[in-house]
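> This is the structure alone, sequence omitted:
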Ligand SMILES: [Zn+2]
């Protein structure tokens, strides 16, 4: 005699229930990739100072935000050494407010940690801060500088994120933040350093549609782009007082991106934009690190959903 069950399915025989379970499982698992594709991409970017992420990934972040994805910028230091006349707590407070305003302008979160500017070291304490940030953001993508750079804070930010890249999935460490079940993709920002090897532009994204938003974001860092950086270059007197005029000047800073688009990033742009690469003026480039998940082309296009559809193979 066939077994029957009690409750709402009591009229069904056991084989019927097995069949029903199989159908439901098939429907559930076939729907799974579609669900995963509709999930917002979660990106966390680390910089040493409260404007580093903005310069290298502000355009990409603005694109993700407009697309409904989630981005957080984290500055590992509070920037309290980055000014010619202001210092310490007063400057840290000002720079935190500037960073928060920059994040607000493009619709992302911005956190400034309280480590001192110019004194960042790859300690266990800061490594654990980085692990906690990546886990709490449940990141799909983590972006950081390469660990070779002229500035020790930038260099150690690269080291710290590199050191966290495997440990984010290890449950015994940083037990107050649940470990990730899946290793994120770790990317490097672009840079100009040649040794021990030059930056490799694996993913280059056009930011022509958000260049104004990126400028708007940089414009929030008044202490940096209109005071400190011009001062370090001996050009403080040349900064216009008029807010509209000085914002226009920031656009000039983007000229290096324009040069890269025509030069070393061109092949990577052509790979994903085809003939459209000709008209791209501004872009941001990233290198896929050897640590963390290694995405194939399909995964890259899911995580960076800004490229034209792939041309069908002949
Ligand atoms: Zn910096």
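Sure thing, it's come through. Quick caveat, the model's predicted, so the values are computed rather than measured.
> Tell me, how many residues neighbour the residue in the stretch 51-200 of the chain that the ion sits nearest to?
Closest to the ion within the stretch 51-200 of the chain is residue 52: 4.1 Å, counting by Cβ to the ion. Where C-beta positions appear, they are placed from N, C-alpha and C, glycine not excepted. By other Cβ atoms under 10 Å, the residues close to residue 52 number 24.
> doesn't residue 154 make contact with it?
Yes - the criterion here is Cβ atoms under 8 Å, and residue 52 meets it with residue 154 at 7.1 Å.
> Common neighbours of those two, please.
Jointly contacting residue 52 and residue 154 under the rule Cβ atoms under 8 Å, 6 or more residues apart in numbering are residue 145.
> mind listing the strands for the stretch 201-314 of the chain?
With DSSP state E, counting those that start in this stretch as the criterion, the stretch 201-314 of the chain has strands at 203-206, 283-292.
> among those strands, which is the most enclosed?
strand 203-206 (a mean of 24; mean count of other Cβ atoms under 10 Å).
> Figure out which of the strands of the stretch 201-314 of the chain is closest to the ion.
The closest of those to the ion is strand 283-292. By Cβ to the ion, the value is 16.3 Å.
> How far off centre is the closest one?
10 Å (Cα atoms, centre = their mean, to the nearest Å).
> Check stretch 110-128 too.
The answer for stretch 110-128 is 18 Å, by Cα atoms, centre = their mean.
> Also stretch 97-117?
The answer for stretch 97-117 is 14 Å, by Cα atoms, centre = their mean.
> mean confidence for it?
Average pLDDT, stretch 97-117: 98.
> so how far does that stretch reach from one end to the other?
16 Å (Cα to Cα, to the nearest Å).
> For the ion, tell me whether it is touching it.
No - contact of stretch 97-117 with the ion is not found when judged by Cβ under 5 Å from the ion; the minimum separation is 8.7 Å.
> ok, residue 247 - how many residues close by?
Residue 247, neighbours per other Cβ under 10 Å, totals 17.
> What of residue 308?
A count of nearby residues for residue 308, using other Cβ under 10 Å, gives 11.
> Pull up the gap between it and residue 209, please.
As judged by Cβ to Cβ, to the nearest Å, residue 308 and residue 209 stand 13 Å apart.
> Please apply the same query to residue 192.
Taken as Cβ to Cβ, the span from residue 192 to residue 209 is 25 Å.
> cool, and residue 68?
Relative to residue 209, and taking Cβ to Cβ, residue 68 is found at 15 Å.
> and if you look at residue 105?
16 Å.
> Now do stretch 203-220: distance to the chain's middle.
That offset, for stretch 203-220, works out to 13 Å (Cα atoms, centre = their mean).
> Tell me the buried residues in it?
Neighbour counts over stretch 203-220 (16 or more other Cβ atoms under 10 Å) mark 203-207, 210-211, 213-220 as buried.
> restrict those residues to contacts with the ion.
Of the buried residues of stretch 203-220, not one also sits near the ion (Cβ under 5 Å from the ion).
> who's in contact with stretch 258-277?
190, 201-204, 206, 280-283, 285, 307-308, 311.
> Now residue 128. Its backbone dihedrals?
Per-residue torsions, residue 128: phi -70, psi -30 (degrees, to the nearest 10).
> Now do the same for residue 252: its pLDDT.
80.
> That one: neighbouring residues, count only.
Neighbour number of residue 252 under other Cβ under 10 Å is 8.
> cool, and residue 93?
What residue 93 shows, counting by other Cβ under 10 Å, is a neighbour count of 14.
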